[in-house]
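>>> Whatever this is, show me its structure:
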Amino acid sequence: MLPSNCNYYTIYTRAHGLSEFFSLDTTAPLCHENDETNIGKCFQKTPMSNHHPTLFEDSLPIKVEAVLAMYPLHSLTKSGKVDPIRIERRNQDGQLDLLWQVSPSEGYGSPGILSYQLDNLVINRRIYESGKPVPAVIKLGSLRELCEELGMEASGQNAALIKQALARNASATITCKLTYRTHDGKESELEQVFSRYGVIFSGKKLPNGEKADGVYVLLNSIYHHFLSEVMFRHLDVGYMKSLGQPSAQRWYEWVSYRMHGAISQGNSQVTVRYSEFCECAPLKRQFKDKSFYNQMGAIHKPHLKSGYLSKVGFTKITDSQGATDWLIHYNVGIRARNEYHLSKRREAARNEEQVKIGTAVKGLLPGEIGAMSSALESDGVVNKNTRRKIKRAEK
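I've put the predicted structure just below:
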């Protein structure tokens, strides 16, 4: 039986197995269930002193484009019904400022969870490793290799699922109107109807006339040009893969950009609006307290456990239509801080190497591996498995 002064956050932490990571600050005022507007302020969630998360064991940091990734493209629901994806923003005069719409192919269907993981765990990594300028034709590997990379058994059935998921990605049409900043600081506009890439399977003809020795993606001209000028940002696809749960992966992809921005400005907290995250995930929006805490608790749990977040707070509000909404306050954890500082070190090493060799850097540098090792050792969290991985990569 929970005590009468126990608020929803306490229920949230107990329900999701987080009590071992938090201690209650008894100097903070207690908050009753009927006083939910300041839930995020009533309890201080502080890490227990004996909890020290292991960091970067599966780290695989890359850079991904920083604009389209903020908008939804895949349906991450496991239920049969797929809601249409459309976001629009209008100014005070009613003119369209922003439009984002995804139209899936009737023949192939909507891009789902496997399509999402192929895009974010495989294709984004290949784009990064291809170096600059980004080539128009990029090899992903064989279907067997793709199965193994995604942690799937290499079988004919799974190969067919991967082919279907790639086809769903390739056939989804994006209609958008948005502005973004290029890597040289200029403002540009993307107002187009396009798909991002085509897929060429093994044995089929490549644009140069040769036979494909694996699965390739052929970047469409609009997307290819966009990638040539857009700003890229850091993302750890190794950590992302370790999360397993698609909604937790999407949360990391969406929030990490804000986390790095906060750290760069010397801030330790990021606040997001729940309704905005639901729109951009996409995620079914909840309006009842218990449903909201259960939904977000499952998403927050692995990030709290890993040390990416140090604590989470909530403030209950209403949106412009009078519907229930929440502000979610995220305190930066040790993993997020290490990820940011490691990415800056890595970027400096890549820039130095590029100047030295006079051409674009492809793949990972030995110096990046060293930077990972020194970052881990400085925090005293290198274990035997991590050292083995670093030594293998250095050979």
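>>> only C-alpha atoms for contact and neighbour calcs from this point on.
Will do.
>>> what about the nearest residue to residue 121 once chain neighbours are set aside, how many residues close to it?
Leaving out its chain neighbours, the residue that sits closest to residue 121 by CA to CA, 6 or more residues apart in numbering is residue 237, at 5.9 Å. Per other CA atoms under 10 Å, the neighbour tally for residue 237 reads 24.
>>> which ones are touching residue 237?
Residue 237 sits next to 59, 60, 61, 62, 120, 121, 125 when contact means CA atoms under 8 Å, 6 or more residues apart in numbering.
>>> host element of the fourth one?
What that stands for is residue 62. Residue 62 belongs to strand 61-65 when assigned by DSSP states H and E.
>>> immediately after that strand, which helix or strand?
Following strand 61-65 toward the C-terminus (DSSP H and E): strand 85-90.
>>> just checking, next helix/strand downstream of that following strand?
Following strand 85-90 in sequence order, the next helix or strand is strand 96-103 (DSSP H and E).
>>> The nearest residue to residue 149 once chain neighbours are set aside: what's it in contact with?
For residue 149, ignoring the flanking residues on the chain, the nearest one in space by CA to CA, 6+ apart is residue 122 at 7.8 Å. By CA under 8 Å, 6+ apart, the residues touching residue 122 are 140, 146, 149.
>>> Just say helix, strand or coil for the spatially most central residue of the chain.
Nearest residue to the geometric centre of the chain (CA atoms, centre = their mean): residue 253, 1.4 Å. At residue 253 the chain is in helix, as set by DSSP: H, G, I helix; E, B strand; the rest coil.
>>> remind me which residues of the chain are low pLDDT?
Within the chain, the stretches with pLDDT under 70 are 1-58, 80, 350-351, 353-355, 357-395.
>>> go again using 50 as the cut-off
For the chain, applying pLDDT under 50 flags the ranges 1-55, 364-395.
>>> still on that earlier bit, of the contacts of residue 122, which belong to helices?
Counting by DSSP state H, those place 146, 149 in helices.
>>> For my notes, please list the contacts of residue 122 in CSV and give neighbour count and distance to residue 274 for each entry.
Compiled in CSV, the contacts of residue 122 are given as follows (neighbours: other CA atoms under 10 Å; distance: CA to CA, whole Å):
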residue, neighbour count, distance to residue 274
140, 20, 35
146, 20, 34
149, 16, 32
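>>> from the contacts of residue 122, which is closest to residue 213?
In terms of CA to CA, no member of the contacts of residue 122 lies closer to residue 213 than residue 140, at 10.1 Å.
>>> picking that back up, so the residue nearest to residue 149 sits in a helix?
Yes - counting by three-state DSSP, residue 122 falls inside a helix.
>>> hmm, who's touching stretch 280-287?
Defining contact as CA under 8 Å, 6+ apart, one finds that stretch 280-287 is touched by 70-72, 74-77, 85, 247, 250-251, 254, 275, 277-278, 292, 323-325.
>>> Apply 6 Å and report the result again.
By CA atoms under 6 Å, 6 or more residues apart in numbering, the residues outside stretch 280-287 that reach it are 71, 72, 278, 292, 324.
>>> Could you tell me which of the residues you listed count as buried?
Buried by 16 or more other CA atoms under 10 Å: 71, 72, 292, 324, out of those.
>>> which among the contacts of residue 237 gets closest to residue 340?
residue 61 (10.3 Å).
>>> Next, the buried residues of stretch 169-187.
Neighbour-count burial for stretch 169-187, counted by 16+ other CA under 10 Å, picks out 169, 170, 171, 172, 173, 174, 175, 176, 177, 178, 180, 182.
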